[in-house]
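K.L.:
kindly generate the corresponding structure for this input.
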Amino acid sequence: MARMRLLGASIMARSSRRGCGRAIVACLAWLCLPSITWSDDYGDPGADRLVHAFDFNERDKGNLERIPKFWRRFGGAGFPRYARGEMDFTEGHDAAPSFRLRSEGKNIAYRYAGTEIPVDDASNYLVVGWIRTERMVQARAAISAYYLDRDGLPIANTQRFGQLIGPSDEPDPWREVRVFLAAGPADAKWIGVTVWVVHPDVWDTGPQPRRAIARKDVSAGVLVDDINIYRLPRISLSATSLGNVFGPESDASLLAEVTDLDTEGLSAGVVIFDVDGGVVRSVGIPVLDRESSTPTIIDVEGLPNGLFTARLRVETPRGMLAVQTLRFASLRTDVGRSANGGRGFGIELSVLDRSDPKTELTLLDGLKVGTVKIPIWSGASHVPDLMDTVQSTDELLYELLESRVDVTGVFAGPPADLVRAAGAYPRPLLAMLSGDPDVWREHLVRVFAPYASVFRSWQIGRDADPRVIGNPNLTRAIEQIRGEIEKLITAPHLTIPASFSLEPANPAPPADALSFALDTAIAPSAIKSYVDDFNARGVPIREAYIL
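P.N.:
Now for the predicted structure:
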């Protein structure tokens, strides 16, 4: 997935009062979808909810400049002065004029720095704009929106982006972009808008192939037109339990609230779905004004164990206006543990999507798992390793040990510190492990010193990781890491991921066990023959994960 190096958290240093600062702050917020969403299927908000409109038709209003009123060029590293924007009086979305940005091989952005879009803390906001790309191959266009304080400065952590717009073969060259802004902080006074044309060095910061050529569009540009800002009701849907997990002792209820400056014609309700999409509960929610706003309590006590989705909908006679969804788990009934301790059921914790340790403990305890796989090295620059969060993981690990749960440590990738140090070209896990141990030894010692007795097995690579399965560096990597671990503990148990889709290696890599991921391509009747083939190579199959 492409990751934006653009703003996300804040678009400028707070100490700067000129432009948008010297640099754009890297952020992960681009990967996080807002819980309140807007869809093309929903009704038009209507003219009564229109706060401001940019149609760029400003000649009759006295603006004779080539730049729209109150729009400023974004400066700083990577955004040179010669990349300019200008009004285009020949083309537009509904009608000319429009605002044209020419990249000329470099990034370019313009931001609206005026104070004509006031905000109210009882409202959410939706920005809808239209973009048409020109000669664009490598570059991408985007619209972002954010809150400004009383000094006209962007407020940190409020910027949100619409989708990236690239080349298109569609008959209609104009494409709609939508940006949702949740209700702003107390010091928010206005809304700011920025239009971007950026090259891969900004919008794609993922690992690049070795010797990759940085390509740019020397004449790409965009036309931007009809940017409208609408006011929406402020809506909120939350759970009363930590991590949205309702255990046997917790209060099982949801809190829903809808607030608007004008409640006439609005209706709202919460529908709860089970994992199969069936409706298990439906509750009407009042739409209140700011003075009388109070959450509606939705009781979910009677739900069985399982995963559920609650959806809060706000509608007008024209159609749906806003939706917020919330996933929660019900573990109200003790599922019990099997006679053998539940060793046949396990969970692999995600590298990128982790909850706080207390939430994970609640889920793991409620599910009565017998085995857990926990990532040790993340393999990602923006995701901390296990030892980077040692205070918060101590309780998780030792509670699992006390519950007699088998814990496997997973080297999901190189240590996060090494990935960050490598920049755009980090070494893959097996290339690193098969190289000089001095590079990664200290990161191994950091884990084994406090936690050697907690982990029963150590897995090289995540389950079904194609970069590990069948890799020619695998044997060397196993030998190297085993040699280093044996300096710290006696007889380490090493597991590697494997696949039934590949012939077993002969001779087999010197691991102690294999961990398989079964997908629908493997017929159940064929599993035994696959297992027999692998066991004949002398490496026992330790576990299988069903995808």
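K.L.:
only C-alpha atoms from now on, for both contacts and neighbour counts.
P.N.:
Will do.
K.L.:
Arg66 - how many residues pack around it?
P.N.:
Applying other CA atoms under 10 Å, we find 12 residues neighbouring Arg66.
K.L.:
ok, Ala310 next?
P.N.:
22.
K.L.:
what's opposite it in the beta bridge?
P.N.:
With DSSP bridges as the criterion, Ala310 is bridged to Ile272, Leu326.
K.L.:
Ile160 pairs with what?
P.N.:
For the record, residue 160 is Arg, not Ile. Bridge pairing for Arg160 - DSSP bridges - gives Ala145.
K.L.:
ok, it touching Phe180?
P.N.:
Yes: with contact defined as CA atoms under 8 Å, Arg160 and Phe180 form a contacting pair (7.1 Å).
K.L.:
overlap of the contact sets of those two?
P.N.:
Common contacts of Arg160 and Phe180 (CA atoms under 8 Å, 6 or more residues apart in numbering): none found.
K.L.:
strands along the stretch 1-150 of the chain, start to end?
P.N.:
Remark: strands assigned in the stretch 1-150 of the chain by DSSP state E, counting those that start in this stretch are 36-37, 50-54, 71-73, 85-88, 98-102, 108-112, 123-134, 140-148.
K.L.:
can you list the ones you listed in a markdown table and add mean pLDDT, mean neighbour count and distance to Leu386?
P.N.:
Shown next, in a markdown table, are the strands of the stretch 1-150 of the chain (pLDDT from 0 to 100; neighbours: other CA atoms under 10 Å; distance: least, CA to CA, whole Å):
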| stretch | mean pLDDT | mean neighbour count | distance to Leu386 |
| --- | --- | --- | --- |
| strand 36-37 | 58 | 19 | 32 |
| strand 50-54 | 95 | 16 | 47 |
| strand 71-73 | 93 | 19 | 43 |
| strand 85-88 | 93 | 19 | 47 |
| strand 98-102 | 94 | 25 | 45 |
| strand 108-112 | 94 | 22 | 39 |
| strand 123-134 | 94 | 23 | 37 |
| strand 140-148 | 95 | 26 | 34 |
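K.L.:
export those strands to CSV and tack on distance to Asp438?
P.N.:
Below are these laid out as CSV (distance: least, CA to CA, whole Å):
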stretch, distance to Asp438
strand 36-37, 48
strand 50-54, 58
strand 71-73, 48
strand 85-88, 52
strand 98-102, 49
strand 108-112, 43
strand 123-134, 49
strand 140-148, 41
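K.L.:
among those, which is nearest Val351?
P.N.:
For Val351, the closest of the strands of the stretch 1-150 of the chain is strand 36-37, at 25.1 Å, according to CA to CA.
K.L.:
could you find the closest non-adjacent residue to Ile227?
P.N.:
What sits nearest to Ile227 in space, not counting adjacent residues and going by CA to CA, 6 or more residues apart in numbering, is Gly129, at 4.0 Å.
K.L.:
just Thr309 next, same as before
P.N.:
Excluding its sequence neighbours, the residue lying closest to Thr309 (CA to CA, 6+ apart) is Arg327, at 4.4 Å.
K.L.:
give me the neighbour count for that neighbour.
P.N.:
Neighbours of Arg327 using other CA under 10 Å come to 18.
K.L.:
what does the model give it for pLDDT?
P.N.:
Looking at Arg327, its pLDDT stands at 91.
K.L.:
check the one 5 residues further on too.
P.N.:
Arg332 is assigned 70 on the pLDDT scale.
K.L.:
please name the nearest non-neighbouring residue to it.
P.N.:
Leaving aside its sequence neighbours, Arg332 sits nearest to Pro248 (CA to CA, 6+ apart; 4.3 Å).
K.L.:
that neighbour: neighbour count?
P.N.:
15.
K.L.:
so what does the longest strand anywhere in the chain touch, helix or strand wise?
P.N.:
Using DSSP state E to define each element, the chain has its longest strand at strand 221-239. Under the contact criterion of 3 or more CA pairs under 8 Å, 6 or more residues apart in numbering; DSSP states H and E, strand 221-239 touches strand 50-54, strand 98-102, strand 123-134, strand 253-259, strand 319-330.
K.L.:
residue contacts, the closest residue to Asp512 other than its chain neighbours?
P.N.:
Leaving aside its chain neighbours, Asp512 sits nearest to Leu494 (5.3 Å; criterion: CA to CA, 6+ apart). The neighbourhood of Leu494, defined by CA under 8 Å, 6+ apart, consists of 457-460, 478, 482, 511-513.
K.L.:
what about those, which one has the most neighbours?
P.N.:
When neighbours are counted by other CA under 10 Å, Gln459 leads those with 26 neighbours.
K.L.:
and that one, which of the three is it?
P.N.:
Three-state assignment for Gln459 (DSSP: H, G, I helix; E, B strand; the rest coil): strand.
K.L.:
surely it is in contact with Val410?
P.N.:
Yes: here Gln459 reaches Val410: they are 4.7 Å apart, a contact under CA under 8 Å.
K.L.:
related to what we said a few turns ago, can I get the contacts of Leu494 in a markdown table including distance to Ala498 and pLDDT?
P.N.:
Below are these laid out as a markdown table (distance: CA to CA, whole Å; pLDDT from 0 to 100):
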| residue | distance to Ala498 | pLDDT |
| --- | --- | --- |
| Ser457 | 16 | 91 |
| Trp458 | 15 | 93 |
| Gln459 | 11 | 94 |
| Ile460 | 11 | 94 |
| Ile478 | 14 | 94 |
| Arg482 | 19 | 94 |
| Ala511 | 11 | 85 |
| Asp512 | 12 | 85 |
| Ala513 | 10 | 83 |
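K.L.:
can you pull out the low-pLDDT segments for this structure?
P.N.:
Applying pLDDT under 70 to the chain picks out residues 1-43, 205-212, 333-344, 366, 424, 503-506, 519-521, 538-547.
K.L.:
how near is Val372 to Ala517?
P.N.:
Distance, Val372 to Ala517, by CA to CA, to the nearest Å: 15 Å.
K.L.:
helices along this structure, start to end?
P.N.:
All helices of the chain, identified by DSSP state H, fall at 200-203, 357-367, 390-402, 416-422, 429-433, 441-451, 474-485, 527-535.
K.L.:
deepest of these, which one?
P.N.:
helix 429-433 (a mean of 21; mean count of other CA atoms under 10 Å).
K.L.:
residues contacting that one, please?
P.N.:
Contact with helix 429-433 is made by 379, 412-414, 439-440, 461, 468, 471, 473-474, 476-478, 480-481, as judged by CA under 8 Å, 6+ apart.
K.L.:
again, 6 Å this time
P.N.:
The contact list for helix 429-433 (CA atoms under 6 Å, 6 or more residues apart in numbering) reads 413-414, 473, 477.
K.L.:
neighbour-wise, which of these leads?
P.N.:
Of these, with other CA under 10 Å as the count, Pro414 tops at 26 neighbours.
K.L.:
backbone torsions only: list them for that residue.
P.N.:
phi -60, psi 160 (degrees, to the nearest 10).
K.L.:
pretty sure it is touching Gly379, no?
P.N.:
Yes: judged on CA atoms under 6 Å, Pro414 makes contact with Gly379 at a distance of 4.6 Å.
K.L.:
ok, back up a step: out of the strands of the stretch 1-150 of the chain, nearest to Arg537?
P.N.:
Of all the strands of the stretch 1-150 of the chain, it is strand 140-148 that lies closest to Arg537, at 50.3 Å by CA to CA.
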